[in-house]
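Asker: got a sequence here, can you build the structure:
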Amino acid sequence: MSDEKIQGKGLHDQLTDGNSSAMRRYQALAIGTNSLWYLIKYELIILFVSGIPGALGLLLRKHLFPRILGSVGRNVIFGRGISIRHGLKINIADNTVVDDSVTLDAKGEDNVGITIGADSIVSRNTILSCKNGDITIGKRCMLGINTLIHAAEKCNVEVGEDVLVAANVYIMGSGAYGTDKLDVPFKMQGIFIKGGISIADNVWIGSNAQIMDGVSVGTGAIVGSSAVVAKSVAAYDIVGGVPAKVIRSRIEKP
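Answerer: Numbering: from 1, shown residues only. Sure, this is the predicted structure:
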């Protein structure tokens with residue numbers, strides 16, 4: 001997959017625009033809408049409900065968080081200290097668990113945002129972060145503690161069904177800055193992207209692994225712990241190492 005260079009006014013410039021008021025910039029960062037009513041709901045719910053411990057907190061968040069999210073299915077559990085940004089672009093299906101201190105950031109001007117399928121678990125301290133990109137998590141997925149999934153512009157991340165992601169995994173749907181010019185800051189040289197990440201059904205990703213932009217991981221594949229995956233992985237292959245290489249195929253006899 002060939003690289004594509006994208007360049008233009010990024011979110012950093014928009015959020016630090018001195019011509020916009022501090023309130024407008026806060027709304028662009030946190031809620032993604034100029035609606036005063038939504039701002040009031042968001043502030044009150046996050047202030048008074050987000051940090052309440054125990055069963056009372058779970059009950060209140062179950063009933064109030066749907067008021068600041070795009071859609072929430074039945075029996076969704078929300079832990080304490082969850083950070084929500086651009087909540088109207090966050091959609092969560094039935095029976096999903098979003099654990100303590102998770103960040104759900106669907107930030108972007110015209111992206112779809114974050115979609116989490118039914119019966120999935122998003123473990124504590126996990127970050128799902130959009131920067132004009134989209135993140136889609138399939139049904140019955142398990143995202144381990146401290147997982148980071150990032151989707152930048154034109155670098156959507158799609159995770160299939162029944163995917164297991166261990167702790168401290170990075171799935172980075174974003175490109176690399178240009179580095180050719182010594183007299184120009186990196187962020188002004190444009191970003192070279194490969195078009196996002198696709199992870200098929202029933203994939204197991206070991207702890208501390210990194211999946212880089214432009215990679216697809218086939219059905220039933222296994223990514224070993226601490227692997228750095230910069231090239232696509234075929235269905236049922238087991239890969240490991242830095243950079244990741246094929247160890248063997250699961251469909252071959254040992």
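
Asker: switch to C-alpha atoms for all contacts and neighbour counts from now on
Answerer: OK.

Asker: partners of Phe78 in the sheet?
Answerer: Each beta-bridge partner of Phe78 is listed here, defined by DSSP bridges: Val98.

Asker: my guess is it meets Arg61, correct?
Answerer: Yes: using C-alpha atoms under 8 Å, Phe78 makes contact with Arg61 at a distance of 6.2 Å.

Asker: look at Val184 and report its pLDDT.
Answerer: Turning to Val184, the model gives it a pLDDT of 87.

Asker: residues contacting it?
Answerer: Applying C-alpha atoms under 8 Å, 6 or more residues apart in numbering to Val184 gives no contacts.

Asker: tell me the spacing between it and Phe192.
Answerer: According to C-alpha to C-alpha, to the nearest Å, Val184 stands 16 Å off from Phe192.

Asker: right, and Val76 touches Asp99 too?
Answerer: No: in this structure, Val76 is not within contact of Asp99 by C-alpha under 8 Å, at 10.6 Å.

Asker: which stretches of the stretch 151-254 of the chain form strands?
Answerer: 157-159, 164-165, 170-173, 176-177, 191-193, 197-199, 204-205, 210-211, 216-217, 222-223, 228-229, 237-240, 245-249 (DSSP state E, counting those that start in this stretch).

Asker: and the strands in the stretch 1-150 of the chain?
Answerer: 4-6, 71-72, 77-78, 83-85, 90-92, 97-98, 103-105, 114-116, 121-122, 127-131, 135-137, 142-143, 148-152.

Asker: now do the fifth one: which elements does it pack against?
Answerer: When contacts are defined as 3 or more C-alpha pairs under 8 Å, 6 or more residues apart in numbering; DSSP states H and E, strand 90-92 packs onto strand 71-72, strand 114-116.

Asker: repeat that for 6 Å
Answerer: Judged by 3 or more C-alpha pairs under 6 Å, 6 or more residues apart in numbering; DSSP states H and E, strand 90-92 is in contact with strand 114-116.

Asker: any idea of the mean pLDDT in the strand it packs on?
Answerer: Mean predicted confidence for strand 114-116 is 98.

Asker: next: stretch 64-75.
Answerer: The average pLDDT for stretch 64-75 rounds to 97.

Asker: same check on stretch 165-176?
Answerer: Stretch 165-176 comes out at a mean pLDDT of 92.

Asker: tabulate the CA atom coordinates of it in CSV.
Answerer: What follows is stretch 165-176 as a C-alpha-only set of coordinates in CSV (Å, rounded to 0.1, in the frame of the first residue of the first chain):
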residue,chain,number,x,y,z
VAL,A,165,-6.5,-7.5,22.8
ALA,A,166,-4.2,-7.9,25.8
ALA,A,167,-2.9,-5.1,28.0
ASN,A,168,-0.8,-2.2,26.8
VAL,A,169,-1.4,-2.7,23.1
TYR,A,170,-1.1,0.2,20.7
ILE,A,171,-3.2,0.2,17.5
MET,A,172,-2.1,3.3,15.7
GLY,A,173,-4.2,4.4,12.7
SER,A,174,-2.1,7.4,11.9
GLY,A,175,0.8,8.3,9.6
ALA,A,176,4.3,9.5,10.1
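
Asker: mind listing residues that contact that stretch?
Answerer: Stretch 165-176 is contacted by residues 142-152, 155, 191-193, 196-197, 205-213 when judged by C-alpha atoms under 6 Å, 6 or more residues apart in numbering.

Asker: thanks again, I'm all set now.
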